[in-house]
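**Q** Sequence first, predicted model second:
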Amino acid sequence: MVATLTGTVDALKSSGALKILAVASQSSTAIIKKIASASDISALSPIAEDLVLTLSDGSSFGGSSSSLMKIAASLAPASALLGSNDHDAAQVDSWVTYATTNFEVSVSALMAANAAAEKADASLVESIKNDMEFSVSVVNCHLLPSAYMVGDKVTIADISLVIALQDAAGANLFDPSSDDEKTTHIRKWYNAITTADFFKQAKALLSTSVVTADVASSSSASNDGVTMHGVAPAVKNKLYKRHRIRIKEVLNNPTYVGKTVTVAGWTRTVRKAGGKLLFLELNDGSCGTSIQCMCEASATEGFEDAKKSGGTGSSFQLTGTLVESPSDGQAVELKVTVAKLLGAVYGGDAKGETIGGMLYPMSKKGHTLEHMREHAHLRPRAGVHAAAMRIRHSMAYATHKFFHDHGFLYIHTPIVTCADCEGAGEQFAVTTMLGTEPHATDVTLPVFEEEVKEEKELSKKEQKRLAKKSAKGKVESNKPEEEKIPGAVDYTKDFFGRRGNLTVSGQLNVETHACALSDVYTFGPTFRAENSHTTRHLSEFWMIEPEIAFADLEDDINLAEDYLKYCVEYALEMCSEDLEFFENSPFGEVGLRARLKNVLDNPFKAYADGVEFEVKPEWGIDLPSEHERYLCEQVYKRPVVLTNYPKEIKAFYMKLDDDGKTVSAADILVPKIGEIIGGSQREHRKDVLLQRCIEMGLDPKAVWWYMDLRKYGTVPHAGFGLGFERLILFITGLDNIRDVIPFPRWAGNAEF
């Protein structure tokens, strides 16, 4: 997550900015400072004072420095800066308020009194000092039994109070170097926080230069050139601007309370209270939580239309005042003044001509996952699928961020190919020879005809020429020649001039770029024509396949562990609400977050011999999924790495070990899924690769270009593949892979 703190020159040097920078430093959130005029700040957020915090998704927040500090802390829930539980969170919030009212206000009052044209009222100054002394004693007593204000780690309460006391020290209202016994505990705590690495880093950030429009526009022309991974420009709403506020922002930003806001979305429930009140539970997909919107017959424009919306599934744009909710289970609700019905639900009859929800497929009642798959075009409105898609988005973003920040290049590999990476032959063919009319009855495929060779007598001169040519020797082509088998389909007449297929993997293609650009990855759709109906297989799925040059198997395993742990950490920090939803959902998994945290807390375990199985695996046969899960769930209770597989069951491109029996391959097994990553060091020796092709029944000419990589400047390299949908299963706790992709494809199903 990268955030941008925009403000005036003075604001970006203020204590308010230091609060936000300290939170960012403690939570390892990247932050960019940017100077802007007051009008530009107001354009970013109408409620801004002198600072605006803009997130990587483009949403901007204004308000007090304390509210912005809370928003910054919310970007990293795992840091517990807002408190580890609800009780702690309430205490943290209380101490942040205390810092404002009892310290910041006192310092501001003293500064205002000293800045007045007339001499400051001595009694007023004395009163301020007495109030400050009392407030310091309160905090000192609170710190008597503990090292932090709340809990056992730094929170925004500590950050807010320390910065307030720092200002108080500047105004001679607090002396951190005093030897007064009455302030022993607060001074010890103050010195511990201000000398902590995160706080020193925040102060350094406060004094660093900031990005301005002029600097940003001229940086690419500087003498230093352009750094490959420098500070990216902040995403700004120059032209595009939403005509609404996302519900996620409304619920998470307390500064909206008491203000007029506009939201839009689809109703999860519609509840009538007599004929005078209407309660709409609105959701726009930005988060799992919906917002309750109250419409009154006497105060809401469009009330009658709203009543006739058809219920659950109808769409609205609502404008009103955000107020604190008197009901349990929700902090705020929208008191609607204008309700605009955008789309009613026409589910009152089979023709779809009558408003009503009787036949609406995604009604309020609970639905099975199978029912939702049958209505895949509407299932994003269900909480389960919406949460899965938000996590899917986050994992895709985390993937790109991980590899980008490690200096990898994203390479787009082809979807149509003539090579079979896995050698399994289970590929979908791509052809235009069937025509465009699906019901045509006159389709005839071109086939090779029996060649009839005409024998003719050669002249002595021609015989002599051919003999001379034969004596010189013929240079055999390294490219495949079309085998013309009589009766077989003649693909030379097809679109590509030969048989084309949908790719099963982008690995072979991306290796070509690894052998020139060093560290690369591909992330795209792949296809397998397996007639499988298990909960772990799809016919169309996405693969993440990095390749690293000048690397061996150990490097490959280390990269895979770092990548998988980063995805888990990103999910725990950025998808906390959705993970909690899945943990409590009947479709999810009890203890989901504990399982994910276990991945972070433990190194991956290298499998060693000695594990006893009821059904003993046989050498030369791939390990069944039951054995894989037994190892990581029961034996080691953590991710497990299996290495050095028999060469007969692995692909031709994997490096042959010195024993001649195994290959330098590794599978990473994780609880719940089994194998999630498969990788290997690639065979970079041309002669060995040639022999492996022959052993596996693959014509080396079919991969002539892949062989060329070993001919021209070969290097040791390695890589792995991860099925993206299996990653989403692992993160969400869902059981069926068909529920973590928008439109699943499997044998017998390609609907939508």
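**A** Received the coordinates, thanks.
**Q** what about the residue nearest to E481 when sequence neighbours are not counted, distance to E482?
**A** Excluding its sequence neighbours, the residue lying closest to E481 (CB to CB, 6 or more residues apart in numbering) is K701, at 7.7 Å. C-beta coordinates here come from the backbone N, C-alpha and C atoms, glycine included. From K701 across to E482, the span is 11 Å (CB to CB, to the nearest Å).
**Q** burial measure for the residue nearest to E481, as a count.
**A** Close neighbours of K701, defined as other CB atoms under 10 Å, add up to 14.
**Q** Tell me who's in contact with it.
**A** Contacts for K701 (CB atoms under 8 Å, 6 or more residues apart in numbering) come out as 477-481.
**Q** all helices for the stretch 501-650 of the chain, in order.
**A** Ranges of helices in the stretch 501-650 of the chain, per DSSP state H, counting those that start in this stretch, are 507-517, 553-574, 576-584, 592-601, 625-629.
**Q** Over to the stretch 651-752 of the chain?
**A** Under DSSP H, counting those that start in this stretch, the stretch 651-752 of the chain gives helices at 686-695, 704-711, 724-732.
**Q** Deepest in the core, which of these is it.
**A** helix 724-732 (a mean of 24; mean count of other CB atoms under 10 Å).
**Q** can you give me the mean pLDDT across that helix?
**A** Averaged across helix 724-732, the pLDDT comes to 96.
**Q** and that helix, how far from the chain's centre?
**A** Offset of helix 724-732 from its chain centre (CA atoms, centre = their mean, to the nearest Å): 12 Å.
**Q** and what of stretch 375-390?
**A** Its chain's average C-alpha position is 17 Å from that of stretch 375-390, according to CA atoms, centre = their mean.
**Q** Among the contacts of K701, which pair sits farthest apart?
**A** Farthest pair in the contacts of K701 (CB to CB) is N478 and E481. Separation: 10.7 Å.
**Q** Flag the shaky bits of the stretch 401-550 of the chain, pLDDT-wise.
**A** Residues of the stretch 401-550 of the chain meeting the criterion pLDDT under 70: 420-425, 453-455, 469-476.
**Q** Which of N478 and E481 has more residues huddled nearby?
**A** Neighbour tally, N478 and E481, criterion other CB under 10 Å: the higher count belongs to N478, 12 against 8.
**Q** Can you tell me the SS state at C293?
**A** With DSSP: H, G, I helix; E, B strand; the rest coil as the basis, C293 sits in strand.
**Q** what about the stretch 601-750 of the chain, any weak spots by pLDDT?
**A** Ranges of the stretch 601-750 of the chain meeting pLDDT under 70: 607-621.
**Q** Okay, strands next: where are they in the stretch 151-300 of the chain?
**A** Assigned by DSSP state E, counting those that start in this stretch, the strands in the stretch 151-300 of the chain fall at 260-273, 277-283, 291-296.
**Q** For those strands, give me JSON lines that also has mean pLDDT.
**A** Output for the strands of the stretch 151-300 of the chain, formatted as JSON lines (pLDDT from 0 to 100):
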{"stretch": "strand 260-273", "mean pLDDT": "95"}
{"stretch": "strand 277-283", "mean pLDDT": "96"}
{"stretch": "strand 291-296", "mean pLDDT": "96"}
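**Q** and A467, which of those strands is closest to it?
**A** strand 260-273 (82.4 Å).
**Q** Which neighbours in the sheet does that closest one have, and how are they oriented?
**A** Here strand 260-273 is paired, per DSSP bridges, with strand 277-283 (antiparallel), strand 315-324 (antiparallel).
**Q** How about I291: which residues does it bridge to?
**A** Beta-bridge partners, per DSSP bridges, of I291: L282.
**Q** That one contacts V263, doesn't it?
**A** Yes. With contact defined as CB atoms under 8 Å, I291 counts as touching V263 (6.5 Å).
**Q** so what's in contact with the two at the same time?
**A** Counting by CB under 8 Å, 6+ apart, the residues touching both I291 and V263 are 247, 250, 282, 334.
**Q** Could you measure from the last one over to V263?
**A** It stands for L334. According to CB to CB, L334 and V263 sit 7 Å apart.
**Q** cool, and the first one?
**A** To V263, I247 is 6 Å away according to CB to CB.
**Q** Now do the contacts for E324.
**A** E324 is in contact with 257, 331-332, counting by CB under 8 Å, 6+ apart.
**Q** Just the closest of the residues you listed to T267, please.
**A** Taking CB to CB as the measure, T267 lies nearest V332 of the contacts of E324, at 17.8 Å.
**Q** Neighbours of that closest one, how many?
**A** 17.
**Q** The one 4 residues further on now?
**A** Counted with other CB under 10 Å, the burial measure for V336 works out to 26 neighbours.
**Q** and it, what are its phi and psi?
**A** Note on V336: its backbone torsions stand at phi -80, psi 130 [degrees, to the nearest 10].
**Q** isn't V670 right up against F730?
**A** Yes. Assessed by CB under 8 Å, V670 is found in contact with F730 at 5.8 Å.
**Q** Please enumerate the shared neighbours of these two.
**A** I676.
**Q** isn't A99 right up against S160?
**A** Yes. Counting by CB under 8 Å, A99 touches S160, with 4.2 Å between them.
**Q** correct me, but P716 touches S680?
**A** No. P716 lies out of contact with S680 (CB under 8 Å); the separation is 11.8 Å.
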